[in-house]
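A.B. asks: requesting a structural model of the entry that follows:
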Amino acid sequence: TMHTFRAPLTGKPYDVCLAARNRAGESEKGQILANVFACSYPSSPSGLRALEQNVHRIKLAWVPSHSDAGCPVTAYEIQIDGKAVPRPANMQLHTRMNLTVNDGLEPRGTHRISVIARNIVGDSEPTSLLALL
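C.D. replies: Residues are numbered from 1 along each chain as shown. Take a look at the predicted model:
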């Protein structure tokens with residue numbers, strides 16, 4: 001049987017414990033599920049675009065997720081051809097980024113560049129851009 005719990009506060013962790021109840025009484029309580037968050041995956045960022053590009057670098061920008069689904073977005077991850085590009089902690093919420101050949105771009109190559117939004121629950125679907133350098 002499934003039951004949907006409506007949490008009074010999204011983004012707050014809850015401890016959940018289940019028990020069955022009928023006319024004869026209530027069963028023993030089951031194992032506690034700790035830190036169940038009342039939120040979901042964030043929406044995908046949108047509008048990923050190249051502001052500038054040449055054979056050695058590309059400057060990206062995107063529109064933040066329109067919904068954090070109840071838990072704040074903690075980072076945006078950039079991927080080049082499916083591999084994450086490391087970003088300093090203080091840059092993880094910025095919605096602009098410069099990528100260079102040192103980040104895995106091949107000069108005069110074609111690359112699939114993606115951005116995802118991340119929150120405590122997990123990752124959004126990627127927003128992708130095909131870049132020709």
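A.B. asks: does Gln92 touch Val73 like I think?
C.D. replies: No - applying CB atoms under 8 Å as the test, Gln92 and Val73 come out as separate, 9.3 Å apart. For the C-beta atoms, the positions are set from N, CA and C on the backbone; glycine is no exception.
A.B. asks: so between the two, which is more surrounded?
C.D. replies: Neighbours around Gln92 and Val73, counted as other CB atoms under 10 Å, are more numerous at Val73. The numbers are 20 against 14.
A.B. asks: how far away is that one from Asn119?
C.D. replies: 5 Å (CB to CB, to the nearest Å).
A.B. asks: mutual contacts of the two, please.
C.D. replies: Pro42 (CB atoms under 8 Å, 6 or more residues apart in numbering).
A.B. asks: got phi/psi on Arg118?
C.D. replies: With angles defined as degrees, to the nearest 10, Arg118 sits at phi -130, psi 140.
A.B. asks: other SSEs contacting the helix or strand bottoming out on mean pLDDT in the chain?
C.D. replies: When each helix and strand of the chain is scored by mean pLDDT, DSSP states H and E, strand 33-37 comes last, with a mean of 73. Counting contacts by 3 or more CB pairs under 8 Å, 6 or more residues apart in numbering; DSSP states H and E, strand 33-37 packs against strand 13-16.
A.B. asks: following element in sequence after the strand it packs on, please.
C.D. replies: Proceeding N to C from strand 13-16, the next assigned helix or strand is strand 21-22, under DSSP states H and E.
A.B. asks: please determine how far the spatially closest residue to Val16 that is not a sequence neighbour is located from Pro13.
C.D. replies: The spatial neighbour of Val16 that comes closest, neighbours along the chain excluded (CB to CB, 6 or more residues apart in numbering), is Leu33 at 4.6 Å. Distance from Leu33 to Pro13, counting by CB to CB: 10 Å.
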